[in-house]
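Visitor: Output the structure for:
(chains A, B and C)
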Amino acid sequence: MKFNKRNIFISPTAKIGENVKIGDNTVIYDNVEIGDNSIICNDCVIGEPLSSYYSDKDYKNPTTKIGENSLIRSHTILYAGSTFGNNFTCGHRVTIRENVIAGENLSIGTLSDIQGFVTFGNYCRLHSNVHIGQQSTIGNFVFIYPYVVFTNDPHPPSNICKGPTIGDYTQIAVHSVILPMVEIGQNCLIGANSTVNKNFDDELVIVGAPAKAICSVKEIKSKEKEGEMHYPWMYNFERGMPWEGIGYYKWKFKDFNITTNS
Amino acid sequence: MKFNKRNIFISPTAKIGENVKIGDNTVIYDNVEIGDNSIICNDCVIGEPLSSYYSDKDYKNPTTKIGENSLIRSHTILYAGSTFGNNFTCGHRVTIRENVIAGENLSIGTLSDIQGFVTFGNYCRLHSNVHIGQQSTIGNFVFIYPYVVFTNDPHPPSNICKGPTIGDYTQIAVHSVILPMVEIGQNCLIGANSTVNKNFDDELVIVGAPAKAICSVKEIKSKEKEGEMHYPWMYNFERGMPWEGIGYYKWKFKDFNITTNS
Amino acid sequence: MKFNKRNIFISPTAKIGENVKIGDNTVIYDNVEIGDNSIICNDCVIGEPLSSYYSDKDYKNPTTKIGENSLIRSHTILYAGSTFGNNFTCGHRVTIRENVIAGENLSIGTLSDIQGFVTFGNYCRLHSNVHIGQQSTIGNFVFIYPYVVFTNDPHPPSNICKGPTIGDYTQIAVHSVILPMVEIGQNCLIGANSTVNKNFDDELVIVGAPAKAICSVKEIKSKEKEGEMHYPWMYNFERGMPWEGIGYYKWKFKDFNITTNS
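Guide: Model (predicted):
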């Protein structure tokens, strides 16, 4: 019922893979490369020209790469000059600016706004309406929930632009603000509505405004399995994860290398 | 000046009522039913196929029902499989996923994001940019203000998905977070920027992070009428309410049944 | 690569200046005036009719004025009846309702939602996803960061509608809520995630929920220049400001009058 090829514009310099579907009213600009079996839904703009396009007569659109098996939902805008690994999925009305480098299986929710110059590891999940400021670095298996904001200017307005760095497996709950240059370790849980203004080590539960570490994540009891602990969450959650069906322990032991970007 | 029938796609299986207007660039997919005298503005997607559409060759779009006299503003996306009562209105760029069941006179503001599997009573009003997680239940005459988030996973990520339940007439002010499974009574007022992590009874003013009940709503003095109290608000506000012109007391006495969904 | 004139609708009563570019799928309604050298990108709606259009057979769209050298990015909706000075720029998916009066060089970020009946001075900058309620007044050189909300109803729902008033040069950091009728002085800094429920004088650092003044902005040390102070920020930041290249002091002395709207 979709993909009737109505009112689509594709630049002659775009490279469209095998079996790619493109929705109505979508525009694909110069030097976009879309991997095989990907789907771009209606009303999207892919390879949106950078600001300099409007002033530079010799402007050349940088290359935009979208991996195989990706699904970009409607009304999404991806600027030129970013690279996304395979199995990239995004919700509706997502905006991603230039110079984003993302690993595989990145999922970005409806209305999220990635300001560019951001690095994502593999298997990151951003829920709806997450705002990531420029110059942020996000590890592997990091999940970020709605209305979280990453900032990058410690004294607005200044000439400093440096976002947070988040370690692998860390979870950041809804409505939290992570202040500029903050470094969060691996396997942390940042509670809802927190304002994080300093660095924290691994495996901590971090809550409040300003946020404090209140305990180890290992002290949080499961609400699903009586008498067990919930974190590290990888032992208790597998939907869409590479350890789905085999369990985290077995997966990590067999195939350790793919948990890092190096 | 609108409704020139340019670049519109309507599925042959859609049922469009009498005197319905449809804006430019709008797409209406299979099995959508739109009631008489409704208006769907520009650039909308109505009956957006569910995720399984992309993988299931035998996919059949579930029925989407929009009641009479509805007004859906531009760039809105309604997934297939939801039902909205008469006089449904929504702002721009609203996203509503599948399996929402809404009573009459639902109003949803610009950029709001309803994640599906949500029940609304009658006369609910969501302002701009409200996020309602799956499996939430919202009573009648509940008003929710900008940037409020309803969550549904107590230990992210887990396999639990159960949102809050909100009683009739309750008001939830801007930037508040309601945590999973929380139950709020009727006629409460939740203050701006609150984080609500436990249940509360009727008629309470609930503020802070974590939120506490600080008094009865009946202790809040009106800023409009000297010497009077403002809450329960139904005695002091009637714009768009079924008691407009006759007053809440008279309306409730004459016509008690329509205040509940049962 | 853009501006191929595909699927554009322009009302015959619109006045389009010299050298204006208009993107694909954009609609420009009655009585819109666009100044010379402006760019309107793809999928925009300019001069969106007001609510009364749907019910009033004699509806006449009020005039919408966009100044010269403006850049309106894709998927933006500007309602009829607002006036924007020269060099207006806005991000993607911005919504601006009727009766906004803006000075020159206004910049509004992606997803921001201006509810109408708002006054902006010159050189204001709103970052992504800022929500400004009706009847707010914003001075000159005011910068507002992501997810800030200005409210206007002290006892929701009531019949009062009066937003905040913000003095020149004041900075409002991410995720803050400014409550109705609050007046903030000039040159203040409101910290991240604050809830501001009362008036504050000039040059204060205002933080917390409810927000308190903790010191003068003049006590904040620069992170860029050792031994110096950062605020008032105009002495240390000039990108895009009228004092770029000459410094704030020299600019203010030579050309004092243009810092105010009067």
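
Visitor: What is the burial count for the residue lying closest to A:Ala102 once chain neighbours are set aside?
Guide: Computed as CB to CB, 6 or more residues apart in numbering or on different chains, the closest residue to A:Ala102 that is not its neighbour in sequence is A:Phe120, at 4.2 Å. (C-beta placed from N, C-alpha, C; glycine too.) Number of residues near A:Phe120 (other CB atoms under 10 Å in any protein chain shown) recorded here: 28.

Visitor: got it, and the one 5 residues further on?
Guide: A:Arg125: 21 surrounding residues under other CB under 10 Å.

Visitor: Please tell me how far A:Tyr207 sits from chain B.
Guide: Careful, residue A:207 is Val; it's not Tyr. Shown here: A:Val207 relative to chain B, a distance of 9 Å by CB to the nearest CB, to the nearest Å.

Visitor: An error on my part: the question was meant for A:Val142.
Guide: Using CB to the nearest CB, one gets 11 Å for the distance from A:Val142 to chain B.

Visitor: try A:His131
Guide: For A:His131, the distance to chain B - CB to the nearest CB - is 12 Å.

Visitor: next one: phi and psi at that residue?
Guide: phi -120, psi 120 (degrees, to the nearest 10).

Visitor: Apart from its chain neighbours, what residue comes closest to A:Ser30?
Guide: Ser isn't right for residue A:30; it's Asp. Distances taken as CB to CB, 6+ apart place A:Asn61 nearest to A:Asp30, at 4.0 Å, with adjacent residues excluded.

Visitor: Does the one you found touch A:Ala80 like I think?
Guide: Yes - A:Asn61 is in contact with A:Ala80 according to CB atoms under 8 Å; the separation is 4.6 Å.

Visitor: Common neighbours of those two, please.
Guide: A:Tyr29, A:Asp30, A:Asn31, A:Gly47, A:Pro49, A:Leu50 (CB atoms under 8 Å, 6 or more residues apart in numbering or on different chains).

Visitor: Of the residues you listed, which is the most crowded?
Guide: Per-residue neighbour counts (other CB under 10 Å) across those peak at A:Gly47, which has 27 neighbours.

Visitor: which residues sit in contact with that one?
Guide: By CB under 8 Å, 6+ apart, the contact set of A:Gly47 is A:Ser11, A:Ala14, A:Ile28, A:Tyr29, A:Asp30, A:Asn31, A:Val32, A:Asn61, A:Thr64, A:Leu78, A:Tyr79, A:Ala80.

Visitor: Same list, those, but as CSV with secondary structure please.
Guide: Formatted as CSV, those follow (DSSP: H, G, I helix; E, B strand; the rest coil):
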residue, secondary structure
A:Ser11, coil
A:Ala14, coil
A:Ile28, strand
A:Tyr29, coil
A:Asp30, coil
A:Asn31, coil
A:Val32, strand
A:Asn61, coil
A:Thr64, strand
A:Leu78, strand
A:Tyr79, strand
A:Ala80, coil
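
Visitor: Among those, which one has the most neighbours?
Guide: The residue in the contacts of A:Gly47 with the most neighbours, by other CB under 10 Å, is A:Leu78 (28 neighbours).

Visitor: helix or strand right after the helix or strand containing A:Val205?
Guide: In this structure, A:Val205 sits in strand A:204-208 according to DSSP states H and E. Downstream of strand A:204-208, the next assigned helix or strand under DSSP H and E is strand A:211-216.

Visitor: Direction-wise, compare that next one with strand A:204-208 and give the angle.
Guide: Relative orientation of strand A:211-216 and strand A:204-208, computed by axes from the mean of the first three to the mean of the last three CA atoms, to 10 degrees: 140 degrees.

Visitor: Flag every buried residue along strand A:211-216.
Guide: A:Ala211, A:Ser216 (16 or more other CB atoms under 10 Å in any protein chain shown).

Visitor: got a list of contacts for the helix or strand of chain A with the lowest mean pLDDT?
Guide: The helix or strand of chain A with the poorest confidence is helix A:248-254; it has a mean of 90 (mean pLDDT, DSSP states H and E). Contacts to helix A:248-254, defined as CB under 8 Å, 6+ apart, come from residues A:Met234, A:Tyr235, A:Glu238, A:Met241, A:Pro242, A:Trp243, A:Thr259.
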